[in-house]
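In: With the input below, show me the fold.
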Amino acid sequence: MHASTPQIHATARTFAQRLSSTRRGARLARLLAVERLTAWNISPRVIERAEHVVAELAANAALHGRVQGRDFLLALSLDDAADTLRVAVSDMRGERRPAIPLERGLDHESGRGLLLVGALADRWGTEPRPPSGKTVWAELACPSSGQPSPARRP
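Out: Numbering: from 1, shown residues only. As a prediction, this is how the structure comes out:
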């Protein structure tokens, strides 16, 4: 006779979408993120924070990470076991890493949006995305996200 070990089944939900490296693509990234997080039954307060983070990271990818004819990638992942939402935006400009916001003054023209990301996210950073790109990511605490909302009926 065997004693079975109880298994904890963590729910991980993911969403990924390629978008054009334009202002319109950045705006669409924000709208898609809000729609997906709402469907995942995330708290409105977390959605609001995530919306600002996605808006900033997507705008940066469209403005600073743009390579003609290449898209950027928005990826969302929710790890229910860790109560963590991860927002990641990847582009093709690996040589253009974001500057650490503390190195810039408040009157500097760029970099202020990353101060906002730093304030809204629990953690954020960058990592290489081979062969030549980069990913900028942010993690937000997302306690008790619940189950996905049921499908809407007409």
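In: from here on, contacts and neighbour counts on C-alpha atoms
Out: Fine.
In: Please name the nearest non-neighbouring residue to residue 87.
Out: The shortest distance from residue 87 to any non-neighbouring residue, by CA to CA, 6 or more residues apart in numbering, is to residue 76 (4.8 Å).
In: cool, residue 118 as well?
Out: Leaving aside its chain neighbours, residue 118 sits nearest to residue 124 (6.7 Å; criterion: CA to CA, 6+ apart).
In: Now name the helix or strand holding that neighbour.
Out: Taking DSSP states H and E as the criterion, residue 124 maps to strand 123-129.
In: any idea which helix or strand comes after that strand?
Out: Downstream of strand 123-129 (by DSSP H and E), the next one is strand 133-141.
In: and that following strand, which strands flank it?
Out: strand 84-91 (antiparallel), strand 123-129 (antiparallel) (DSSP bridges).
In: As TSV, the ones you listed with mean neighbour count and distance to residue 13 would be great.
Out: Formatted as TSV, these follow (neighbours: other CA atoms under 10 Å; distance: least, CA to CA, whole Å):
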stretch	mean neighbour count	distance to residue 13
strand 84-91	24	9
strand 123-129	15	19
